[in-house]
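Asks: from the sequence below, what's the structure:
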Amino acid sequence: MDLQDFKKQHIKEELGITENFGKIFSFIDFGNVNNWFKHDRQSWDNKEISENESIEIDVLKLKEFADLFSEKVRCYYGKDTKNKGSLNFDYVLETTFGKHSFVSKDLQRIKHYIDSQDGDEKPKYLEKDKEGKTYIEIRKCNFDVELSVDAIKKINQYDTFCLFSGDADFVYLNNFLKKRQKKIILVKAGYITTKLRESADLVINAQNIKKNIAQIRQKPD
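Replies: Presented below is the predicted three-dimensional model:
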């Protein structure tokens, strides 16, 4: 057994992934995953991080981790065409997961109008339209439809659907796949609904794999 095979066997045993799960195809809702450790103040070895540090998803580590138990891995994430940093990050994701295994689309910009006198938001988040009305621009981009369509289109390529997300909207998809004799692995962080938990054969807590997929970074000045 070479080192890579040893890693695969070790991580499967650690996560509780038995041979019964067969071929696993992982689908990563990165918009959800990217915020998993946003508010964490402790590292994977339970050490408190400093105020100028944050725990963030390491894209390469995430891909390598998923590859240890997955036949295939597919990632979904939106891009802000007006933001160079966003476009650069999308390029990193595409390079890491592969052009044909990364799905992206433009995020939506939704104007949420507020009473500027009553708003608690900081002034820098407020904008005004041509009529002088105050609003906050909410940026939204979810991949529920794209991910679900792909999971169904590729249903003959796997025995187990592995979802990296805690989004309750995927309950319907999970149940649809289970009725077609597919097993479900759910990798999630924080609270999830009872229905989402019950739709999975195995639930993996992101805190238990933090060391495998995260890094500690200095916050920008």
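Asks: number of residues surrounding the residue lying closest to Gln42 once chain neighbours are set aside?
Replies: Distances taken as CB to CB, 6 or more residues apart in numbering place Glu48 nearest to Gln42, at 5.6 Å, with adjacent residues excluded. Yep, even glycine has a C-beta here, placed from its N, CA and C like the rest. Using other CB atoms under 10 Å, Glu48 has 9 neighbouring residues.
Asks: quick one: residues contacting Lys154.
Replies: Phe25 (CB atoms under 8 Å, 6 or more residues apart in numbering).
Asks: mind listing what Ser86 touches?
Replies: Ser86 touches 79-80, counting by CB under 8 Å, 6+ apart.
Asks: in the helix or strand that contains it, what counts as buried?
Replies: Here Ser86 sits within helix 84-97, counting by DSSP states H and E. Residues of helix 84-97 classed as buried by neighbour count (16 or more other CB atoms under 10 Å): 86, 89-90, 93-94, 96-97.
Asks: between the residues you listed, which is nearest Lys219?
Replies: Phe89 (16.7 Å; CB to CB).
Asks: quick check: the gap between the closest one and Pro220.
Replies: To Pro220, Phe89 is 14 Å away according to CB to CB, to the nearest Å.
Asks: re the thing from before, ok now the helix holding Ser86, how far from the chain's centre?
Replies: 15 Å (CA atoms, centre = their mean, to the nearest Å).
Asks: what mean pLDDT would you report for that helix?
Replies: Helix 84-97 shows a mean pLDDT of 94.
Asks: burial of Asn175, as a residue count?
Replies: Using other CB under 10 Å, the number of residues around Asn175 comes to 13.
Asks: okay, now the unreliable bits of the chain?
Replies: By pLDDT under 70, the weakly predicted segments of the chain are 1, 108-129, 135-141, 221.
Asks: swap the cut-off to 90 and go again
Replies: 1-6, 79-83, 85-86, 106-142, 219-221 (pLDDT under 90).
Asks: quick check: Asp80 touching Leu107?
Replies: Yes: taking contacts as CB atoms under 8 Å, Asp80 lies within contact range of Leu107: 5.5 Å.
Asks: more neighbours, the two?
Replies: Leu107 (20 against 16).
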